[in-house]
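sharing a model prediction with you, sequence too.
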Amino acid sequence: MTWSDDWKEKLFDPELDYFQALYEKMKYRVGEKVPEPKVFADIAAYGIKNGEAATNALAEILEQLYATDKYHTLITCDGYNQWLAPSRLGSFRYANA
């Protein structure tokens with residue numbers, strides 16, 4: 001799998017402006033919005049209430065788990081191998097198109 005911004009060359013300026021505004025809006029850590037969560041469920045609840053921040057909430061939980069020395073942590077995700085499968089959607093944004 002490769003990552004590239006080449007797909008942006010095929011968009012019109014209004015589309016690029018839309019994506020840039022969206023990226024700027026999402027450029028924060030959930031820890032800024034939920035400054036002192038007591039449990040991981042507090043972070044998860046924020047992600048559930050704010051759907052566009054769900055990925056940020058998951059990343060914050062993973063970061064907290066990775067940073068702990070108190071407990072050994074094993075993260076499992078049912079169906080993970082399907083989560084990152086190539087899209088069936090034919091688009092210039094995907095390498096499989």
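Happy to help now that I have it.

got a pLDDT number for the residue located most distally from the centre of the chain?
Note on the chain: the largest C-alpha distance from the chain mean falls to residue 70, namely 26.0 Å (C-alpha atoms, centre = their mean). With respect to pLDDT, residue 70 scores 85.

where does it sit: helix, strand or coil?
Look at residue 70: counting by DSSP: H, G, I helix; E, B strand; the rest coil, its state is coil.

so what's residue 57 scoring on pLDDT?
With respect to pLDDT, residue 57 has a value of 90.

any idea how far it is from residue 17?
27 Å (C-beta to C-beta, to the nearest Å). For the C-beta atoms, the positions are set from N, CA and C on the backbone; glycine is no exception.

who has more neighbours out of these two?
residue 57 (24 against 11; other C-beta atoms under 10 Å).

which non-adjacent residue is nearest that one?
residue 47 (2.7 Å; C-beta to C-beta, 6 or more residues apart in numbering).

tell me how far stretch 66-81 lies from the chain's centre.
17 Å (C-alpha atoms, centre = their mean, to the nearest Å).

same check, this time on stretch 33-46
Counting by C-alpha atoms, centre = their mean, stretch 33-46 comes out at 16 Å from the chain centroid.

end-to-end on that stretch?
By C-alpha to C-alpha, to the nearest Å, the extent of stretch 33-46 from end to end equals 8 Å.

do stretch 50-58 as well
12 Å.
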